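# quick one, structure for this:
(chains A and B)
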Amino acid sequence: MSYIQGETGDWEIVIGLEVHAQVISNAKLFSGAATDFGSEPNSQVSFVDAAFPGMLPVINAFCVEQAVRTGLGLKAEINLQSVFDRKNYFYADLPQGYQISQFQQPIVGKGEIVLDLPDGSSRTVGVTRLHLEQDAGKSLHDQHPSKTYIDLNRSGVALMEIVSEPDMRTSEEAGAYVRKLRSILRYLGTCDGNMEEGSMRCDVNVSVRRPGEPFGTRCEIKNVNSIRFVMQAIEYEARRQIEILEEGGKIDQETRLWDTTKFVTRSMRSKEEAHDYRYFPDPDLLPLELEPEWVEDIKRTLPELPDDKKARFIQDFKLSPYDAGVLVAEKARADYFETVAKGRDPKMAANWVTGDLFGALNKSGKDIEESPVTAENLGGLIDLIADNTISGRIAKEVFEAMFETGEKAADIVEKKGLRQVTDTGAIESSIDAVMAANADKVAEFRSGKDKLFGFFVGQVMKATQGKANPALVNEILTAKLKG
Amino acid sequence: MSLDKATVAKIAHLARIKVPDDELEDLAGDLSRILSFVEQLNEVDTKDVAPMTSVAAQKLRRRKDEVTDGGYRDAVLSNGPETAEGFYVVPKVVE
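As a prediction, the model looks like this:
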């Protein structure tokens, strides 16, 4: 277990996360208005979304399907009956004066998420529930000195709130949780997981305790919008609480904000009495009833999810858990790798994809979808190594050229004349020349200075511009030097 | 069940209804009587009765995931007390 060292001893952090994930759908949860991001303000607002008197909500069947699909992807219980409630509060971007949400009977119950930790190990975190609710509109506070501008385009878009158990103990685990949840949602196609655009947002519950003791009082940090901020906010908040407790103080249960410029959490004082939401069943909506067969139909169409894919990569391709984890984290990466590995040495394919390719993509700030080297072309490069057309060392050079130009490996090899020399005669004559030019070293080698072998290999490779087949060089050189 | 003045004041605040102090007493009495009237329902044993969700035997209606509405910004904004550049404009509310 990893504890935090305080002035007076060890402390343990306890973390639970509530993630709001915007459902991928054409229309909103209870209206027929569009959900596109970044449209003209208030251009995707129906009278339902603006809460005009007398307007009634009608549920979007596909949003329900997306929630069920997500629940199944989290290996969770699907509740065949769930109920929509009104959560009452006043805010300028909530025209109804209440949010339609699910309180006591959510659509999805207990599930789990397996975290892939940096050291290659994994850990299971419980999911408490998932429920469907409406998103609020957007408030812009920076358009006018004394006014707030309201855009209701987001008002009524379907959200899934996914609540974890307080099972995490470090900021790394919390980061791994958000990454894994995002990966699962993207595989399922139920949320695009874009935290920058706000289609996935995170509330973080943090408390601290002495190891083995009951949970301490928690604070909730609202609306954290990147994985890095989630981790930083937890670190800061845990330190703050430990300091208060060690000085004999007590923690007030409150809502806090992560200040992304000062890197501190601070209290949202105005929320003091706002937590009286007076939930009650929405009289405009009947309970949501699902047919077991319909749920089964969705289950049958689930794609292979990251955990299963990882297990398959380890089993079929003999990859390390770490490599497999890195490859399956994004579906596009996993697909790329599988194309490269098809009919080739999988370990070699994994090395090229996770090493040279990811390195080059990282350096140039590109996504795998934008890679100048296609999976087919990387496969072609590996084929050239496998059939001894080029050596592994020359392959690195070819790869760089491929990344720059997008050309095929074979074309680059031909154009630059990088074909490996496998002609024994040519290699022999190079070796003879090197030995003749370094007669003293040959003598030293023969009197027992074995280390010089590397020197000769280097000289021969230099003489052949790296194109000599290394195995042949070793073989012939050994024979000649010993002779 | 009877409500005191403080509870009535809190309920009024949550509902954003302005109630002068000298009316709280009367309101507390009125609300308490309403609650007592409704509480008669508790005398019926409903332990094994499922909650009634509708007077007609019907299921929740569902809609296809198609964009069929919106795109009439001016109509939506026409009732706003103040608007600018396609936005509703309200007094600054910021944390």
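# going forward, measure contacts and count neighbours with C-alpha atoms only.
OK.
# what helix or strand is the residue nearest to residue A:228 when sequence neighbours are not counted on?
Nearest residue to residue A:228, sequence neighbours excluded (CA to CA, 6 or more residues apart in numbering or on different chains): residue A:175, at 7.4 Å. Per DSSP states H and E: residue A:175 is located in helix A:171-188.
# average pLDDT for that helix?
Across helix A:171-188, pLDDT averages out at 96.
# got the residues of chain B near chain A?
B:14, B:53-54, B:59-73, B:76, B:86-95 (CA under 8 Å from any CA of the partner chain).
# and with 7 Å instead?
Along chain B, the residues adjacent to chain A under the rule CA under 7 Å from any CA of the partner chain are B:53, B:59-73, B:76, B:86-95.
# center of chain B - which residue?
Among the residues of chain B, residue B:15 comes closest to the average C-alpha position under CA atoms, centre = their mean, at 7.7 Å.
# and it, what pLDDT?
Confidence at residue B:15, expressed as pLDDT, is 89.
# what's the answer for residue A:482, then?
Reported pLDDT for residue A:482: 79.
# now do residue A:273
Looking at residue A:273, its pLDDT is 55.
# same check, this time on residue A:325
90.
# OK, contacts around it?
A:116, A:310 (CA atoms under 7 Å, 6 or more residues apart in numbering or on different chains).
# ok, now with 10 Å
When contacts are counted by CA atoms under 10 Å, 6 or more residues apart in numbering or on different chains, residue A:325 touches A:116-118, A:120-121, A:306-307, A:309-311, A:313-314, A:319, A:334.
# near the residue nearest to residue A:228, how many other residues are there?
Residues near residue A:175, counting by other CA atoms under 10 Å in any protein chain shown, number 20.
# picking that back up, buried subset of the residues of chain B next to chain A?
Buried members of the residues of chain B next to chain A, counted by 16 or more other CA atoms under 10 Å in any protein chain shown: B:63, B:65-67, B:69-71, B:73, B:76, B:86-90, B:92.
# could you measure from residue A:118 over to chain B?
Residue A:118 sits 36 Å away from chain B, going by CA to the nearest CA, to the nearest Å.
# name the nearest residue to that residue, sequence neighbours excluded.
In space, residue A:118 is closest to residue A:322, 7.8 Å off (CA to CA, 6+ apart).
# domains of chain A?
Listed domain ranges for chain A are A:4-298, A:304-416, A:424-482 (source: automatic domain parsing).
# what are the ranges of the helices in the stretch 1-150 of chain A?
Taking DSSP state H, counting those that start in this stretch, the helices of the stretch 1-150 of chain A run over residues A:61-73.
# flag the shaky bits of it, pLDDT-wise.
Under the criterion pLDDT under 70, the flagged ranges of the stretch 1-150 of chain A are A:1.
# contacting residues for residue A:227?
Residue A:227 makes contacts with A:171-172, A:174-179, A:195, A:201-202, A:233, as judged by CA under 10 Å, 6+ apart.
# and what of residue B:68?
Residue B:68 neighbours (CA under 10 Å, 6+ apart): A:27, A:31-34, A:46.
# redo that, cut-off 6 Å
By CA atoms under 6 Å, 6 or more residues apart in numbering or on different chains, the contact set of residue B:68 is residue A:32.
# what does residue A:280 give?
Counting by CA under 6 Å, 6+ apart, residue A:280 makes contact with A:85-86.
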